[in-house]
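Chemist: Predicted structure and sequence below. I'll ask about it afterward.
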Amino acid sequence: IQDPEYHATMVANQDVKVSLYQTAAVVTGVYHTRGTYKGKSFEHYGRFTDTWIFQSKGWQCVASHTTLTRK
């Protein structure tokens, strides 16, 4: 996302599920993105998993993983 040649026109999450474990949470879901990169259009679908922990200052994402399921 920090790449200046990446231009997302749509980013959406679906089927988001949160599993809580005291001071940790695992979030899973499906994503859909559309836009252009280096002048070429793209449309991606995939799944994601984010792992969060709760510390004194609030929730912090400590790990994130995505898997492209189709282009």
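Modeler: Cool, the structure landed.
Chemist: May I have the beta-bridge partners of the one residue sitting closest to the centre of the chain?
Modeler: Note on the chain: the residue nearest the mean C-alpha position is Phe48, at 5.5 Å, using C-alpha atoms, centre = their mean. Beta-bridge partners of Phe48, counted by DSSP bridges, are Gly29, Thr66.
Chemist: Over to Glu43?
Modeler: Note on Glu43: beta-bridge partners by DSSP bridges are Arg34.
Chemist: re the thing from before, settle this for me: the residue nearest to the centre of the chain is touching Thr33, isn't it.
Modeler: No: Phe48 is beyond contact range of Thr33, at 10.9 Å (criterion: C-beta atoms under 8 Å). Placement of C-beta: from N, CA and C, glycine included.
Chemist: how close does Tyr6 get to Ala24?
Modeler: Separation of Tyr6 from Ala24 (C-beta to C-beta, to the nearest Å): 31 Å.
Chemist: for Ser41, same thing?
Modeler: 38 Å.
Chemist: Comparing these two, which shows the higher neighbour count?
Modeler: Of the pair Ser41 and Ala24, Ala24 is the one with more neighbours under other C-beta atoms under 10 Å, namely 13 against 10.
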